[in-house]
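A.B. asks: I need the structure of the sequence given here:
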Amino acid sequence: MKKLLLAILAGVILAAAVPETRPVPEYPIEQFLTTTQHFGASFSPDGRKILVTSDRNGIPNAFAYPVDGGPPVQLTDSKVNAVFTLGYFPRDERFLYLQDQGGNAALPHIYVQSPDGKVRDLTPVEGRLADFLGWSQDEKSFFFMTNERKAEAFDLYEMTVDGYERKLLFTNDTGYDLVGVSRDRRYVALVNAPFTNQSDAYLHDRITDKTFLVAPTGGELAEEPQDFSPDGKSLYYTSDQGSELAYLMRYDIETGQRAEVLRDDKGGVLGARFTPDAKYFVVRTDRDARSEMRLFDREMRPVKLPDLPDGDVGGIEISRDGRSMAFYVTSSAPQDLYVRDMKTGQTRQITRSLGEGIDPAHLVPGKVARFKSYDGVEVAGILYKPHQASPQHKAPAVVWVHGGPGGQSRIGYQPNIQYLVNQGYAVYAVNNRGSSGYGKTFFAMDDRKHGEADLDDCVASKKLLIDTGWVDPDRIAIAGGSYGGYMVLAALAFRPKEFAAGIDFYGVSNWVRTLSVMPLDWGSTRESMYKDIGHPEKDAERLRRISPLFHADRIERPLLVIQGANDRAVIKAESDDMVETVRKRGIPVEYLVFENEGHGLRSKESLARAYTATVAFLDKYLRGNGKG
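C.D. replies: Residues are numbered from 1 along each chain as shown. Below you'll find the model as predicted:
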């Protein structure tokens with residue numbers, strides 16, 4: 001969701017946000033990559049361990065961290081395909097996890113691992129994918145979805161914890177996105193998203209075999225199911241009816257009555273769910289590119305959270321016995337896992353993610369900075385100022401464009417950005433029009449204007465950087481991944497003199513092809529992209545007009561392209577063709593292909609190569625082979 005923010009002079013914001021200049025050591029990439037990513041938290045049945053995903057050995061794998069402290073125990077040892085933990089079984093220490101197929105996170109299977117280390121693929125159909133949807137109330141089974149039957153349809157299944165016998169609960173020939181199952185198994189929560197700023201919440205009654213709208217109001221509203229009440233009588237969902245920002249609603253299934261539960265005028269509701277024991281209700285809201293967590297009991301009475309460490313708190317999980325709360329805290333440093341004893345209030349830090357030898361004071365916290373774009377629309381972003389930058393020693397800069405197109409750059413640790421800033425590059429992570437988090441009007445401003453209205457926001461953001469007084473106006477590059485990678489290519493092709501260089505991470509070069517070969521398992525996302533960006537047949541002429549590949553003869557600035565060979569979202573041909581075309585014109589192009597990666601780089605080996613190449617490329621074309 002998005003909102004159109006009040007206009008504030010960028011210079012005033014920047015004057016208050018910029019830290020003082022001071023020299024810091026430049027850390028090698030190897031030191032940054034000793035930083036560990038941790039995410040996910042699941043308490044063991046006895047509450048003594050927490051199941052966590054960590055890339056401490058180079059590839060994301062499963063680890064068990066003792067709640068009382070001590071070294072973690074590595075549970076999986078994948079060398080290529082990333083492992084993403086789902087959780088311990090409710091009554092024993094078996095656990096479920098998702099694992100990439102062929103280095104491609106877009107084709108995960110669900111696996112179970114026993115305490116003795118034995119592993120079983122529970123969704124073994126090649127070329128298909130699956131996802132976990134939660135445990136049953138009696139804890140004797142769990143729910144999951146898979147497109148094994150038909151590529152474009154995700155069906156709902158239940159699988160027993162003993163014997164792993166599966167049962168089909170809902171055949172999804174309509175192509176809805178599955179969200180969850182009521183604890184009594186009667187209702188299935190569904191969502192249909194025919195447009196990027198429209199989503200309709202549905203319920204399917206398995207007894208009557210009828211599917212019905214939760215809020216049949218019509219119009220371009222975004223209404224999305226979140227979770228069922230523990231008794232299965234109500235559905236909580238978010239809605240933006242009559243509002244720029246999403247708020248939380250409750251739907252009484254028997255009576256059809258709807259009631260507003262929570263509204264936050266300072267930030268939309270991003271998500272809401274009950275903890276596994278159903279004692280607490282966790283709500284996550286957006287506060288100007290930050291996440292805020294709020295805790296309630298079953299009757300929606302606020303539960304006061306204890307004093308927590310500085311930074312953004314997320315990922316709250318409660319142990320089944322209610323004695324412990326796990327949560328992550330992130331700031332300019334990477335997120336770390338903490339556990340708090342709910343009775344004594346004692347808090348223990350479980351993980352220490354920042355790389356050895358890196359002083360946290362040498363990292364740079366991102367600051368929200370806004371500017372008025374070319375047409376007066378206010379645009380926000382996250383500004384990172386190198387410690388060594390000053391009006392006397394102006395820094396080169398990078399405009400960083402997020403993916404999506406409806407994504408959002410958010411406050412928090414980003415290793416690639418911290419590495420760039422440490423090497424002396426200012427970074428502005430722009431949330432151009434079409435980004436989420438600023439209201440639905442702002443979100444829709446790029447519809448059918450991709451590579452045009454949103455691209456001009458990126459160009460306009462250069463003025464914000466220049467107005468700081470410590471950025472060199474002649475040394476500003478543009479970089480981004482996925483849709484952000486497309487924006488890089490579009491900038492070089494359609495605004496060829498605006499940026500000194502471009503770095504494209506797996507970006508679209510030919511919209512006609514990309515929209516034609518979208519995977520069938522993308523479901524309603526395919527139709528949404530057709531309406532938002534264009535149909536590959538009906539809108540082919542316009543799509544060719546905004547596709548950089550067909551205008552590569554206009555490119556005159558150096559380009560670095562980074563691509564995963566197994567990418568299903570933006571296939572390798574998108575980068576191959578762009579590189580070949582630009583090279584034929586004699587423009588400097590560097591190209592890195594990662595054979596065991598998909599849409600996004602996951603291994604530290606791949607990240608090291610990509611980050612090293614990025615800084616070397618920028619040093620070459622923004623600094624002339626040298627620093628300064």
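A.B. asks: Going by C-alpha atoms from here, please, whenever you check contacts or count neighbours.
C.D. replies: OK.
A.B. asks: Tell me which helix or strand comes right after the one helix or strand residue 486 maps to.
C.D. replies: The secondary structure element spanning residue 486 is helix 483-494 (assigned by DSSP states H and E). From helix 483-494 onward toward the C-terminus, using DSSP H and E, the following helix or strand is strand 502-505.
A.B. asks: what helices or strands is that next one leaning on?
C.D. replies: strand 471-481, helix 483-494, strand 559-564 (3 or more Cα pairs under 8 Å, 6 or more residues apart in numbering; DSSP states H and E).
A.B. asks: Okay, residue 598 and residue 152: tell me how far apart.
C.D. replies: Residue 598 sits 20 Å away from residue 152, taking Cα to Cα, to the nearest Å as the criterion.
A.B. asks: Pick the most buried one from the helices and strands packed on strand 502-505.
C.D. replies: helix 483-494 (a mean of 27; mean count of other Cα atoms under 10 Å).
A.B. asks: Can I get that helix in CSV? Just the C-alpha atoms.
C.D. replies: As requested, C-alpha coordinates have been extracted for helix 483-494 and formatted as CSV (Å, rounded to 0.1, in the frame of the first residue of the first chain):
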residue,chain,number,x,y,z
TYR,A,483,12.5,-4.2,-11.9
GLY,A,484,15.2,-1.9,-10.6
GLY,A,485,17.6,-3.5,-13.1
TYR,A,486,15.1,-2.6,-15.9
MET,A,487,15.1,1.0,-14.6
VAL,A,488,18.9,1.0,-15.0
LEU,A,489,18.7,-0.1,-18.6
ALA,A,490,15.8,2.3,-19.3
ALA,A,491,17.9,5.2,-17.8
LEU,A,492,20.8,4.4,-20.0
ALA,A,493,18.7,4.0,-23.1
PHE,A,494,16.0,6.7,-22.6
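A.B. asks: Now do stretch 596-613, average pLDDT.
C.D. replies: Per-region confidence: stretch 596-613 scores 91 on mean pLDDT.
A.B. asks: Next, the distance between the ends of it.
C.D. replies: Here the two ends of stretch 596-613 are set 18 Å apart, with distance taken as Cα to Cα.
A.B. asks: Tell me which residues are up against that stretch.
C.D. replies: When contacts are taken as Cα atoms under 8 Å, 6 or more residues apart in numbering, the neighbours of stretch 596-613 outside the stretch itself are 29-30, 33, 55, 58-60, 80, 82, 102-106, 416, 482, 506, 562-570, 592, 594.
A.B. asks: Point out where the protein drops to low pLDDT.
C.D. replies: With pLDDT under 70 as the threshold, the chain has low-confidence stretches at 1-22, 102-106, 194-196, 217-219, 306-310, 625-628.
A.B. asks: which SSE is the most centrally placed residue in it in?
C.D. replies: Closest residue to the average C-alpha location of the chain: residue 407 at 7.5 Å, with Cα atoms, centre = their mean. Of the helices and strands defined by DSSP H and E, none includes residue 407.
A.B. asks: how about it, what does it touch?
C.D. replies: 435, 436.
A.B. asks: Give me the number of neighbouring residues for residue 537.
C.D. replies: 12 (other Cα atoms under 10 Å).
A.B. asks: For it, give me its contacts.
C.D. replies: Contacts for residue 537 (Cα under 8 Å, 6+ apart) come out as residue 512.
A.B. asks: swap the cut-off to 10 Å and go again
C.D. replies: Each residue near residue 537 by Cα atoms under 10 Å, 6 or more residues apart in numbering is listed here: 512, 515, 516, 530, 543.
A.B. asks: Assign it to helix, strand or coil.
C.D. replies: coil (DSSP: H, G, I helix; E, B strand; the rest coil).
A.B. asks: so how far is residue 149 from it?
C.D. replies: As it turns out, when the distance is counted by Cα to Cα, residue 537 lies 28 Å from residue 149.
A.B. asks: and if you look at residue 344?
C.D. replies: When distances are taken as Cα to Cα, residue 344 and residue 149 turn out to be 51 Å apart.
A.B. asks: ok so, going back, put the buried members of the contacts of residue 537 into a PyMOL selection.
C.D. replies: Command for PyMOL that selects the buried part of these, burial taken from 16 or more other Cα atoms under 10 Å:
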select buried, resi 512+515+530+543
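A.B. asks: Rebuild the contacts of residue 537 as CSV, extending it with distance to residue 493 and secondary structure.
C.D. replies: Compiled in CSV, those are given as follows (distance: Cα to Cα, whole Å; DSSP: H, G, I helix; E, B strand; the rest coil):
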residue, distance to residue 493, secondary structure
512, 17, helix
515, 20, helix
516, 22, helix
530, 23, helix
543, 14, helix
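A.B. asks: so can I have JSON lines of the contacts of residue 537 showing distance to residue 177?
C.D. replies: As requested, the contacts of residue 537 are exported to JSON lines (distance: Cα to Cα, whole Å):
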{"residue": "512", "distance to residue 177": "25"}
{"residue": "515", "distance to residue 177": "19"}
{"residue": "516", "distance to residue 177": "21"}
{"residue": "530", "distance to residue 177": "17"}
{"residue": "543", "distance to residue 177": "27"}
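A.B. asks: Nice, that's everything, thank you.
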